[in-house]
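1. pasting the sequence and the predicted coordinates here, then a few questions.
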Amino acid sequence: MIARRVSTLASLAVGWLAVCCPPAMAQTLAGLAGPAPAITALPPSSFEIAARAKGTPDIPGLNIVWLTPWGRLELARDWRNIIVHQSEGPAGSARANAMRQSERPDRRGATIWVETDGTVYWSIVEFAVPRHVRDGNRKDNKFIDNSSTFGQVTDDNSIGIEFVGNYPNVRKPPTEAQVAAWRTLVRVLQARYNIPAERVFAHNWIDYKDRRYCEGCELAKLAREQGTTFAAHDAKIPVDAGAPALQTNAPAGLLAVAPPGRAE
């Protein structure tokens with residue numbers, strides 16, 4: 001009998017708290033349930049650490065020739081977009097173009113050049129601004145919704161990548177090696193500069209560029225489809241098995257022996 005009365009009184013007390021004082025009720029229930037489990041942040045993966053490093057890090061899946069090493073990340077430009085270009089230059093022209101870019105960073109071109117064999121040339125410092133877009137002048141919504149790009153995607157806030165090899169046939173697609181390198185390279189850029197997948201653009205998506213073909217469209221589409229995944233423990237975006245296993249560094253000052261391509 002006593003136990004029944006105690007149970008009844010407890011039920012009445014809980015009911016009174018629920019009606020008259022919801023915050024107290026919440027605290028009471030939380031206390032009965034015990035402490036909430038602690039949420040532990042996952043440590044950065046080796047991929048993230050390499051992508052945000054200084055100098056010339058080894059990045060599995062990429063063969064990078066560092067004409068200019070990475071500086072301190074806080075000194076890099078506030079890149080908000082990634083623009084994919086195709087240079088309309090011949091195979092073998094990436095190194096020559098990257099060398100000329102390093103000599104004059106603000107010339108027409110891009111920060112990064114990718115050869116047909118998948119070799120990536122990092123040409124200039126991260127705060128330099130090459131000329132590679134026309135202030136996002138497209139507004140016809142032909143490929144994407146241009147309301148967030150027209151007049152807003154510019155040289156100043158967009159890092160560019162040039163893929164060579166579509167000459168003399170501009171419609172020639174990127175090679176398998178270029179696609180494999182791109183799968184990893186775009187993840188590096190996204191991780192380093194905190195750029196979401198929806199801010200990866202093909203040149204033709206944001207500029208009235210070329211009626212003969214859609215420049216950069218397949219590569220930009222691939223980047224968006226694979227999304228933004230940085231941590232090694234998340235297998236959503238595996239590194240392409242065809243990409244090189246390790247990155248090999250080459251010294252600055254390589255001789256430019258390949259013919260130049262036309263960067264647009």
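-> Yep, that arrived. Numbering: from 1, shown residues only.
2. switch to C-alpha atoms for all contacts and neighbour counts from now on
-> Fine.
3. spell out, range by range, the strands that occur in the protein.
-> Using DSSP state E, the strands found in the chain span residues 64-66, 81-86, 112-114, 120-122, 158-163, 200-202.
4. residue 169: which of the ones you listed is closest?
-> strand 81-86 (11.6 Å; CA to CA).
5. strands paired with the closest one, and their directions?
-> Take DSSP bridges as the rule and strand 81-86 pairs in its sheet with strand 158-163 (parallel), strand 200-202 (parallel).
6. tell me the most buried of the ones you listed?
-> strand 158-163 (a mean of 28; mean count of other CA atoms under 10 Å).
7. what segments of the stretch 1-150 of the chain are helices?
-> Ranges of helices in the stretch 1-150 of the chain, per DSSP state H, counting those that start in this stretch, are 2-20, 22-33, 46-51, 94-103.
8. dump the strands of the chain to CSV, plus distance to residue 58 and mean pLDDT.
-> Shown next, in CSV, are the strands of the chain (distance: least, CA to CA, whole Å; pLDDT from 0 to 100):
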stretch, distance to residue 58, mean pLDDT
strand 64-66, 8, 98
strand 81-86, 22, 98
strand 112-114, 16, 98
strand 120-122, 13, 98
strand 158-163, 19, 98
strand 200-202, 24, 98
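9. right, so of the strands paired with strand 81-86, which gets closest to residue 140?
-> Closest among the strands paired with strand 81-86, using CA to CA: strand 200-202, at 14.8 Å.
10. still on that earlier bit, is it possible to get TSV of the strands of the chain that adds distance to residue 187?
-> Shown next, in TSV, are the strands of the chain (distance: least, CA to CA, whole Å):
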stretch	distance to residue 187
strand 64-66	14
strand 81-86	11
strand 112-114	14
strand 120-122	14
strand 158-163	13
strand 200-202	11
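11. of all those, which one is nearest residue 135?
-> strand 158-163 (10.0 Å).
12. next, the angle helix 94-103 makes with the closest one.
-> 150 degrees (axes from the mean of the first three to the mean of the last three CA atoms, to 10 degrees).
13. what's strand 158-163 in contact with?
-> 79-87, 94, 109-116, 132, 174, 178, 263 (CA atoms under 8 Å, 6 or more residues apart in numbering).
14. about what we covered before: in a markdown table, list the strands paired with strand 81-86 along with distance to residue 64.
-> Converted to a markdown table, the strands paired with strand 81-86 look like this (distance: least, CA to CA, whole Å):
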| stretch | distance to residue 64 |
| --- | --- |
| strand 158-163 | 13 |
| strand 200-202 | 21 |
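15. if I look at the nearest residue to residue 154 once chain neighbours are set aside, how far off is residue 87?
-> Spatial nearest neighbour of residue 154, chain neighbours left out: residue 135 (4.4 Å); criterion: CA to CA, 6 or more residues apart in numbering. Distance, residue 135 to residue 87, by CA to CA, to the nearest Å: 18 Å.
16. verify the contact between residue 174 and residue 181 for me.
-> No. Under the criterion of CA atoms under 8 Å, residue 174 makes no contact with residue 181, lying 10.7 Å away.
17. more neighbours: which of these two?
-> For residue 174 versus residue 181, neighbours defined as other CA atoms under 10 Å are more numerous around residue 181 (27 against 22).
18. per-residue pLDDT, the more buried one?
-> Per-residue confidence for residue 181 comes out at a pLDDT of 98.
19. quick check: it vs residue 64, distance?
-> Taken as CA to CA, the span from residue 181 to residue 64 is 10 Å.
20. so what's in contact with these two at the same time?
-> Common neighbours of residue 181 and residue 64 (CA under 8 Å, 6+ apart) are 119, 120.
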